[in-house]
Each structure stands twice: as C-alpha cells, then as structure tokens.
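>>> Take a look and give me a structure for this.
(2 chains)
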Amino acid sequence: GNSVTQMEGPVTLSEEAFLTINCTYTATGYPSLFWYVQYPGEGLQLLLKATKADDKGSNKGFEATYRKETTSFHLEKGSVQVSDSAVYFCALSQGGSEKLVFGKGTKLTVNP
Amino acid sequence: DAGVIQSPRHEVTEMGQEVTLRCKPISGHNSLFWYRQTMMRGLELLIYFNNNVPIDDSGMPEDRFSAKMPNASFSTLKIQPSEPRDSAVYFCASTSTANQPQHFGDGTRLSIL
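As a prediction, this is how the structure comes out:
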C-alpha cells in the first residue's frame, strides 16, 4: 500500500541555519505530495504541494521538489527562523482518493 | 472565508461519560475526515465521509466510537462510554475533491479523567 517515511526527529537548529527534512514515499502511479505544518496548539496547515514529477512547491521560504526517480519530496529552507518551530508532516494522496497518507511528523525547534 | 470549525476546543470529563465532538466543514467541501492525534500513536485517521456517506471507518478504534454526518455542513464524533485512553486531540478536516489538500480545524483537546 501507499506509505510515507519521514526522517526521525526532533531536529534542533540555530536561527539562520539551513533546513532539510527528508521524505520518501511508496506509491503506484503518480501521487500528489504535500507538506503540512502544525504549530503548537493548532491544527495542520498546508505548507506546500506538488502534483506531478519535477514540480517544485514553495511557500514562506520553504521548497520541496517532487522527484519521481528517487520517490522523494524533501523539504528545504535556506535560513530558518525561531517562528518556524513546529511539527512538519509529509503526505500523499493518490488514485482519485480524498484520503491522505501522512508521515509520522518531524518536530523542528529553532533556537535564537 | 470560514475554515473548518470544531467545538468544543477543550473537553474534560470523567470516564464513563458520553462525549460528543462537533465539526462544521468548509462550505462546498464534500469530504470530511476525523483524526486523532496522540504522542504515542501520532496522527490517525478514524473515519471519513464523502457526500455525507461513511466511506472508510477502518480506523475507528472500537464500538464505543461512532460518527455521523446528517448533512453537508455538520458532523459529530461520539464516544460512549469514554475511557482515559481516549484522551487525545481530535481533528476534523475537509476537502473539495480527490488529490486536493485537506483543510484542518483547530482540534478538540479531550481529557478523560
């Protein structure tokens, strides 16, 4: 079945550091891929998405590129801020289904 | 535009009591999802509806849990009787069509004493 694997957290960085959170997936066909962010005490919010191979999703300085050859959708940001501290979830949907398959989430803490 | 609205935001009750969580999806969205989030198990899909019909309830933990969607603008998740291990944050989400993002509510933090 479809699955999403994220790097284990937690991740702790200093402000202005470079961020990478790895995400790989297993799916047949061509899934849509998403990154969600969850700030403390809040629900998940869509951060960015990509719907086909080689698409790059971007938002708030975050980027992720849909790599079909490596079945990956790694999240990157060049310079993190304290306000980026949150839990990040990678997810996929596929096959005309409304369901999303989520990774386990990666907690990011950015220190000043 | 109003997002997904959940109520209550917090619920504290004693074990054995009935708990009802409520959700109003975004207008025009025809799929609705109930999730449970805990530290131990992460984010779990409990059940989802399409056009008010339950499509997949394989994530519902046991018969104590039930969900209904009487119309396109309202859904409930009920736990009866509640147990301490049901303590979690329960999220509702909705989406308009397949392969589109889901929009989440702010969740209900449930504590069963």
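>>> show me where chain A has strands.
Secondary structure of chain A by DSSP state E: the strands cover A:3-6, A:11-14, A:19-21, A:23-26, A:32-38, A:44-50, A:56-59, A:62-65, A:75-77, A:86-93, A:101-102, A:106-111.
>>> Now tabulate the ones you listed in CSV and tack on distance to chain B.
(Each C-beta comes from the backbone N, C-alpha and C, glycine too.) Formatted as CSV, those follow (distance: least, Cβ to the nearest Cβ, whole Å):
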stretch, distance to chain B
strand A:3-6, 11
strand A:11-14, 16
strand A:19-21, 16
strand A:23-26, 14
strand A:32-38, 4
strand A:44-50, 4
strand A:56-59, 11
strand A:62-65, 14
strand A:75-77, 15
strand A:86-93, 5
strand A:101-102, 5
strand A:106-111, 11
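>>> Those into TSV, with extra columns for mean pLDDT?
TSV is the format used below for the strands of chain A (pLDDT from 0 to 100):
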stretch	mean pLDDT
strand A:3-6	94
strand A:11-14	97
strand A:19-21	97
strand A:23-26	96
strand A:32-38	95
strand A:44-50	95
strand A:56-59	97
strand A:62-65	98
strand A:75-77	98
strand A:86-93	94
strand A:101-102	91
strand A:106-111	97
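>>> Kindly reformat these as a markdown table containing mean neighbour count.
Converted to a markdown table, these look like this (neighbours: other Cβ atoms under 10 Å in any protein chain shown):
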| stretch | mean neighbour count |
| --- | --- |
| strand A:3-6 | 18 |
| strand A:11-14 | 14 |
| strand A:19-21 | 17 |
| strand A:23-26 | 19 |
| strand A:32-38 | 24 |
| strand A:44-50 | 21 |
| strand A:56-59 | 14 |
| strand A:62-65 | 20 |
| strand A:75-77 | 20 |
| strand A:86-93 | 24 |
| strand A:101-102 | 20 |
| strand A:106-111 | 17 |
